[in-house]
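>>> Structure of the sequence below:
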Amino acid sequence: MTDTDLAVKNVLGETTTVTLTPGYEGANIGTYIGFKHVNYLVEKAVLAHFRRAGLPAGALYEQYGLGFDVVDLEARLRGGLFVDDEAVLEVKPVTTDEDRAFRFEVTITVDRESRPKKIVTASVTAVLRRDEDDRRLPARAPAPAVLDRFTVPTIGDPAPGEAVPAGTGPALVSGGTTDDDPVLTQLLAGRNGYGWKFRIPYPYVHFYNRLHMSSYLRQMEEAKHRFVADRDISIAAQLAERNWIPVVTHSRIEILGEALLEEDLYTVYTVESIFKNLLYTARMECHVVRAGRLVQVATGAITHGYGVVENGNQARVVTWDDRIDRALRGTGS
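Residues are numbered from 1 along each chain as shown. From the prediction side, this is the model:
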């Protein structure tokens with residue numbers, strides 16, 4: 001058995017734990033860590049799992065031109081994660097013999113009142129994406145055969161969808177956005193949602209040119225912010241008026257295809273269900289346009305409520321009123 005064979009065996013067969021602290025950037029309300037940074041920790045724990053097994057992500061690319069990509073990430077939040085927490089993340093492999101991707105279950109446990117409390121359960125799917133550009137990898141070695149099962153030439157293979165009209169107005173600069181575009185009008189027709197076009201900038205990509213999971217998490221967070229602002233219940237307004245802040249109980253993002261540097265990404269966010277003025281679930285869909293047709297590159301869902309955070313880390317969920325309900329349903333003031 002080669003070293004790589006043993007490393008893959010460890011990745012697929014050994015459960016690992018790692019202790020991590022959340023990024024300070026994630027504490028945007030008191031000391032409470034938002035869902036995006038919770039998911040960042042989950043991805044980081046999986047990367048640590050590979051490193052411990054003997055397959056560090058950096059070496060996989062440097063030696064073989066194989067880029068590690070999380071392509072499906074789902075998390076359920078059962079409690080709060082705070083900036084001073086030393087979180088214990090357990091990564092359990094659940095890849096079956098038939099799977100052609102790495103699959104894991106991840107839990108986050110923190111200390112609460114001198115007892116461990118499980119606050120997050122997550123599932124992660126990852127693949128190795130081959131970089132075919134030999135200009136970047138002149139010293140590349142052939143990848144070991146044991147990795148072939150998990151290696152793809154491109155992430156996903158989405159079929160072209162509906163034809164769309166040409167965009168209007170001048171081309172966006174890197175990172176530029178607009179919510180006035182005929183493609184968005186077509187995507188949102190008859191739907192209770194909001195959308196915008198975004199020119200993918202360099203800070204949002206990895207391995208030179210493709211959007212990665214953390215960037216889709218940013219898009220999902222931005223989608224919520226834009227949607228409620230468009231409905232006149234912006235996050236800032238609700239904080240100023242009532243000290244209410246959105247809280248997340250569940251999120252999932254699946255990458256269906258590759259969105260590339262300096263392409264225009266069309267993101268739509270639509271409300272799918274509302275539960276008793278306590279929680280609502282919205283879907284995020286991301287498309288690019290190629291050869292005049294939509295190509296869906298990602299899909300996801302997120303469940304939100306409203307909460308009040310006091311003393312930095314003491315949160316309670318609140319029931320929203322008719323004004324919020326009408327805004328979420330798109331039924332007017």
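>>> What segments of the stretch 151-300 of the chain are strands?
Secondary structure of the stretch 151-300 of the chain (DSSP state E, counting those that start in this stretch): strands located at 151-152, 177-178, 193-199, 205-206, 210-211, 245-255, 264-275, 279-290, 293-310.
>>> tell me the most buried of those strands?
Highest mean neighbour count among the strands of the stretch 151-300 of the chain (mean count of other Cβ atoms under 10 Å): strand 210-211, with a mean of 24. Placement of C-beta: from N, CA and C, glycine included.
>>> Quick one: list the elements packing against that one.
With contacts defined as 3 or more Cβ pairs under 8 Å, 6 or more residues apart in numbering; DSSP states H and E, strand 210-211 has no helix or strand neighbours.
>>> Quick check: neighbours of the helix or strand of the chain with the lowest mean pLDDT in the sheet, parallel or antiparallel?
Across the helices and strands of the chain, mean pLDDT, DSSP states H and E gives its lowest value to strand 314-318, namely a mean of 87. Using DSSP bridges, strand 314-318 pairs in its sheet with strand 293-310 (antiparallel).
>>> before we move on, the earlier item: present the strands of the stretch 151-300 of the chain as TSV; the columns should include mean pLDDT and distance to Glu98.
Shown next, in TSV, are the strands of the stretch 151-300 of the chain (pLDDT from 0 to 100; distance: least, Cβ to Cβ, whole Å):
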stretch	mean pLDDT	distance to Glu98
strand 151-152	98	16
strand 177-178	96	41
strand 193-199	98	36
strand 205-206	98	29
strand 210-211	98	27
strand 245-255	96	19
strand 264-275	97	31
strand 279-290	97	28
strand 293-310	95	23
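>>> Which one of these lies nearest to Arg326?
For these, the distance to Arg326 is smallest for strand 264-275, at 11.0 Å, taking Cβ to Cβ.
>>> Make JSON lines out of the strands of the stretch 151-300 of the chain and add distance to Pro22.
Shown next, in JSON lines, are those (distance: least, Cβ to Cβ, whole Å):
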{"stretch": "strand 151-152", "distance to Pro22": "31"}
{"stretch": "strand 177-178", "distance to Pro22": "28"}
{"stretch": "strand 193-199", "distance to Pro22": "26"}
{"stretch": "strand 205-206", "distance to Pro22": "21"}
{"stretch": "strand 210-211", "distance to Pro22": "23"}
{"stretch": "strand 245-255", "distance to Pro22": "14"}
{"stretch": "strand 264-275", "distance to Pro22": "25"}
{"stretch": "strand 279-290", "distance to Pro22": "23"}
{"stretch": "strand 293-310", "distance to Pro22": "15"}
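>>> what's the closest of those strands to Thr17?
With Cβ to Cβ as the measure, strand 245-255 is the member of the strands of the stretch 151-300 of the chain nearest Thr17 (22.9 Å).
>>> which strands and helices sit next to that closest one?
Counting contacts by 3+ Cβ pairs under 8 Å, 6+ apart, strand 245-255 packs against helix 35-53, strand 66-77, helix 213-230, helix 235-242, strand 279-290, strand 293-310.
>>> what's the following helix or strand after the longest one?
Taking DSSP states H and E as the definition, the helix or strand that follows helix 35-53 towards the C-terminus is helix 57-64.
>>> ok, and for that next one, which residues are buried?
Residues of helix 57-64 classed as buried by neighbour count (16 or more other Cβ atoms under 10 Å): Ala57, Leu60, Tyr61, Gln63, Tyr64.
>>> out of those residues, which one sits closest to Asp133?
Tyr61 (12.0 Å).
>>> can you pull the contacts of the residue nearest to that closest one when sequence neighbours are not counted?
Spatial nearest neighbour of Tyr61, chain neighbours left out: Gly67 (5.4 Å); criterion: Cβ to Cβ, 6 or more residues apart in numbering. Neighbouring residues of Gly67 by Cβ atoms under 8 Å, 6 or more residues apart in numbering: Leu60, Tyr61, Leu128, Arg129, Arg130, Asp131, His206, Phe207.
>>> Appreciated, that's everything.
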